[in-house]
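1. Have a look; sequence and predicted model below, questions after that.
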Amino acid sequence: VQLVESGGGLVQPGKSLKLSCSASGFTFSSYGMHWIRQAPGKGLDWVAYISSSSGTVYADAVKGRFTISRDNAKNTLYLQLNSLKSEDTAIYYCARSVTTEGIPAYWGQGTLVTVSS
Amino acid sequence: DIQMTQSPASLSASLGETVSIECLASEDIYNNLAWYQQKPGKSPQLLIYYASSLQDGVPSRFSGSGSGTQYSLKINSLESEDAATYFCLQDSEYWTFGGGTKLELK
């Protein structure tokens, strides 16, 4: 299992960013996928989940601003981040479910998003 | 929303000792509890799922227990490589992490 995130960077408050997670080493379409973030020096914060059938769930802190999606043909997971706030500054990890659905078991290396003017 | 309270926030122990880390859920999570280890600059690694099931490749000195709202991770015979931050995660209702426990080796 390999997961590689990309798309992070410095962005101004109120702007948008789209993160990608390229997956390999497993049948991507068969697994639920998570986005989890970690502010610098802080704990883990679950962000969003998309099931193998593309059902989605969001944390209250990002609901209405972030959108998780997947392209099974490209083996890629996405996270669209809109109306960004300074408190969204974090390393964003994608992770694969332990079985077809469920807890995150395999994590990428993360991509850093910094929201600052 | 289910809240997870993890304790202690930090812990210092010697090589060979046994330590325990606790997670308290705000309601019954029916053993839907996982534990992760995160070393500095690295991604978290899954240790335990469904409260007490050891993930493949994880040393047997790690064990999990608990039920209802109270769960614990025990690490026997501490080794230097166990220095890390440990997090619990409930997946009974969506997903919520505990605040983390930083384990330092003396």
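-> Structure's in. What do you need?
2. Enumerate the residues of chain A near chain B.
-> Selection of chain A residues close to chain B by CB under 8 Å from any CB of the partner chain yields A:34, A:43-46, A:49, A:57, A:59-60, A:93, A:98, A:102-110. For every residue, glycine as well, the C-beta is placed using N, CA and C.
3. Please report the distance of the closest residue to B:Q45 other than its chain neighbours from B:Y86.
-> Counting by CB to CB, 6 or more residues apart in numbering or on different chains, B:Q45 lies nearest to B:Q37, which is 5.1 Å off, once chain neighbours are set aside. Look at B:Q37 and B:Y86: by CB to CB, to the nearest Å, they are 6 Å apart.
4. Could you pull out the residues contacting both of the two?
-> With contacts defined as CB atoms under 8 Å, 6 or more residues apart in numbering or on different chains, the residues shared by B:Q37 and B:Y86 are B:L47.
5. related to what we said a few turns ago, sitting in strands, which of the residues of chain A next to chain B do you find?
-> For the residues of chain A next to chain B, membership in strands holds for A:H34, A:L44, A:D45, A:W46, A:Y49, A:V57, A:Y93, A:P104, A:A105, A:Y106, A:W107, with DSSP state E as the criterion.
6. related to what we said a few turns ago, tell me which residues are up against the helix or strand the residue nearest to B:Q45 falls within.
-> According to DSSP states H and E, B:Q37 maps onto strand B:33-38. Contact partners of strand B:33-38, identified using CB under 8 Å, 6+ apart, comprise A:44, A:103, B:21, B:23, B:25, B:44-51, B:62, B:64, B:66, B:71, B:73, B:82, B:84-91.
7. Tell me the confidence at the residue minimising distance to the centre of chain B?
-> Ranked by distance to the mean C-alpha position of chain B (CA atoms, centre = their mean), the top residue is B:W35 at 3.9 Å. Looking at B:W35, its pLDDT stands at 98.
8. State the distance from it to chain A.
-> Separation of B:W35 from chain A (CB to the nearest CB, to the nearest Å): 10 Å.
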